[in-house]
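> Model the structure of this input:
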Amino acid sequence: MTETITVAGLVATTPRHLVTQDGLPITSFRLAAANRRFDRTQNRWLDGETNWYTVTGFRQLAINSASSVNKGDRVLVSGKLRIRDWDNGERAGTSVEIEAETIGHDLTWGTNNFTRTILVREDENNSENSAPSQDGKPEVLKEKAAKA
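You can find the predicted model right below:
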């Protein structure tokens, strides 16, 4: 059974975006989530242990998150929790992964401007609607305003 989890944390690595040979967009990054608690005796916040997650988004979520999320951003991630044991011969460990269903900025820490996008298909790349990406991030199109 796959558990659904929602985690608030800090994007700890630069999001990595790729497109598979089959055309599937994928974006992944490491998320650091530290539990904090207020200690009334010391009158200050104390950091607990940091939990680390590998977050992966697919399809339109991958395209939008690669264009929106940066290292150092505070985000909320909701998705399917996957815990995997691994062994590469020299070392062994456990990885904790979230297959993201949603990713958004944590507005507790700042403000955000939402821009609705539409999927860019390869056959549309040369249309009047597309603009070249100057920052190396995936191209997205703003939704056209409805004509009056």
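> low-scoring stretches of the chain, by residue?
1, 119-148 (pLDDT under 70).
> residue ranges for the helices of it, please.
With DSSP state H applied, the chain shows helices at 59-68, listed in chain order.
> Any figure for the gap between the residue of it most remote from its centre and residue 34?
Distance from the C-alpha centroid of the chain, by CA atoms, centre = their mean, peaks at residue 41 (36.8 Å). Residue 41 is 20 Å from residue 34, where distance means CB to CB, to the nearest Å. C-beta coordinates here come from the backbone N, C-alpha and C atoms, glycine included.
> Of all the residues in stretch 104-114, which ones are buried?
The neighbour-count check on stretch 104-114 (16 or more other CB atoms under 10 Å) flags residue 105 as buried.
> what about that stretch, start to end distance?
The first and final residues of stretch 104-114 sit 10 Å from each other (CA to CA, to the nearest Å).
> Please state the offset of that stretch from the chain centre?
Between the centre of stretch 104-114 and the centre of its chain there are 13 Å (CA atoms, centre = their mean, to the nearest Å).
> Could you pull up the residues touching residue 38?
44-46 (CB atoms under 8 Å, 6 or more residues apart in numbering).
> mind redoing it with 6 Å?
residue 45 (CB atoms under 6 Å, 6 or more residues apart in numbering).
> Check the gap between it and residue 46 for me.
According to CB to CB, residue 38 and residue 46 sit 8 Å apart.
> How about residue 97?
28 Å.
> and those two? which has more neighbours close in?
Using other CB atoms under 10 Å, the more surrounded residue of residue 97 and residue 46 is residue 97, with 16 against 10.
> ok, how many other residues are close to the closest residue to residue 19 other than its chain neighbours?
Once flanking residues are discounted, residue 19 sits nearest to residue 25: 5.2 Å by CB to CB, 6 or more residues apart in numbering. Residue 25 has 20 neighbours, counted by other CB under 10 Å.
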